[in-house]
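[1] how would this look folded up:
(chains A and B)
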Amino acid sequence: SQKIEQNSEALNIQEGKTATLTCNYTNYSPAYLQWYRQDPGRGPVFLLLIRENEKEKRKERLKVTFDTTLKQSLFHITASQPADSATYLCALDIFNNAGNMLTFGGGTRLMVKP
Amino acid sequence: DAGVTQSPTHLIKTRGQHVTLRCSPISGHKSVSWYQQVLGQGPQFIFQYYEKEERGRGNFPDRFSARQFPNYSSELNVNALLLGDSALYLCASRVSRGNTEAFFGQGTRLTVV
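    Next comes the predicted model:
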């Protein structure tokens, strides 16, 4: 079956450290992978999009890698801050007979402690 | 510029009733998708509409239906509500069908009692 797995356990780190979140998928061959941030009771907010022919993408303190051989994406937040505390969602852009849709993982909750 | 707007923000319904949720996409965005998010899980795809036609349907029963209007706004309808339909319903708009970032509304929190 098709799966997108993110670490369901919360990730607790100290302010200033680098947070690394993992997204693994099976039975997909996505051309695009996206990362979103979601705060409690709010809709997801887009952070980064990476294409299959890109190995790495950066935006300010954020970095995403995409390894289509390992079927894995890593999401890094450097110099983390308490304001980075949220749930982070990985999403594959899938096109199949069900249409064109974002397929999400379960999300990883990040807690940055001061 | 206004983002994606959804109404209502919260709703309480009784089992067996039906509900209509509304979404206005970002101006110029022709693609609207609906997602269901149960507490503690990621959003699950329900429908995509593009240029007023259904372009994708997720694994949801026929009690779920939707439509898109000429101004690209959209409605999600759920009939014969079950307790398990309690969730956050999210609307997302995109400038095209896919391969671009999605902009989400704040969601409608539906509680079925």
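[2] tell me the residue of chain B that sits nearest chain A?
    Chain A sits closest to residue B:56 of chain B, with a gap of 1.5 Å, by CB to the nearest CB. Where C-beta positions appear, they are placed from N, C-alpha and C, glycine not excepted.
[3] and that residue, what element?
    Assessed by DSSP states H and E, residue B:56 sits inside strand B:53-57.
[4] need the contact partners of that strand.
    Identification of contacts with strand B:53-57 by CB atoms under 8 Å, 6 or more residues apart in numbering or on different chains yields A:98-101, B:31, B:33, B:45-49, B:66, B:68, B:97.
[5] from what I can see residue A:101 touches residue B:45, true?
    Yes. Assessed by CB atoms under 8 Å, residue A:101 is found in contact with residue B:45 at 4.2 Å.
[6] who's more crowded, these two?
    Legend: neighbour count by other CB atoms under 10 Å in any protein chain shown for residue A:101 and residue B:45, higher for residue A:101 (27 against 24).
[7] number of residues surrounding residue A:94?
    21.
[8] give me the pLDDT value at residue 74.
    Assuming you mean chain A. pLDDT recorded at residue A:74 is 97.
[9] that's the other chain; I wanted chain B
    Residue B:74 is assigned 97 on the pLDDT scale.
[10] what's the burial count for it?
    25.
[11] one more: the one 10 residues further on?
    Per other CB under 10 Å, the neighbour tally for residue B:84 reads 8.
[12] circling back: what is in contact with residue A:101 and residue B:45 at once?
    Shared contacts of residue A:101 and residue B:45, counting by CB under 8 Å, 6+ apart, come down to B:33, B:56, B:58.
[13] report the contact partners of the residue lying closest to the last one once chain neighbours are set aside.
    Think residue B:58. Leaving aside its chain neighbours, residue B:58 sits nearest to residue B:45 (4.0 Å; criterion: CB to CB, 6 or more residues apart in numbering or on different chains). Applying CB under 8 Å, 6+ apart, we find residue B:45 in contact with A:98, A:101, A:102, A:103, B:33, B:34, B:35, B:56, B:58.
[14] tell me which element residue B:45 is part of?
    Here residue B:45 is assigned to strand B:44-50, by DSSP H and E.
[15] could you check the angle the strand holding residue B:56 makes with strand B:44-50?
    160 degrees (axes from the mean of the first three to the mean of the last three CA atoms, to 10 degrees).
[16] what lines up beside strand B:53-57 in the sheet?
    Using DSSP bridges, the strands paired with strand B:53-57 are strand B:44-50 (antiparallel).
[17] still on that earlier bit, let's have the contacts of residue B:45 in a markdown table, adding secondary structure and distance to residue B:110.
    Putting those into a markdown table (DSSP: H, G, I helix; E, B strand; the rest coil; distance: CB to CB, whole Å) gives the following:
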| residue | secondary structure | distance to residue B:110 |
| --- | --- | --- |
| A:98 | coil | 23 |
| A:101 | strand | 21 |
| A:102 | strand | 21 |
| A:103 | strand | 22 |
| B:33 | strand | 17 |
| B:34 | strand | 12 |
| B:35 | strand | 13 |
| B:56 | strand | 22 |
| B:58 | coil | 17 |
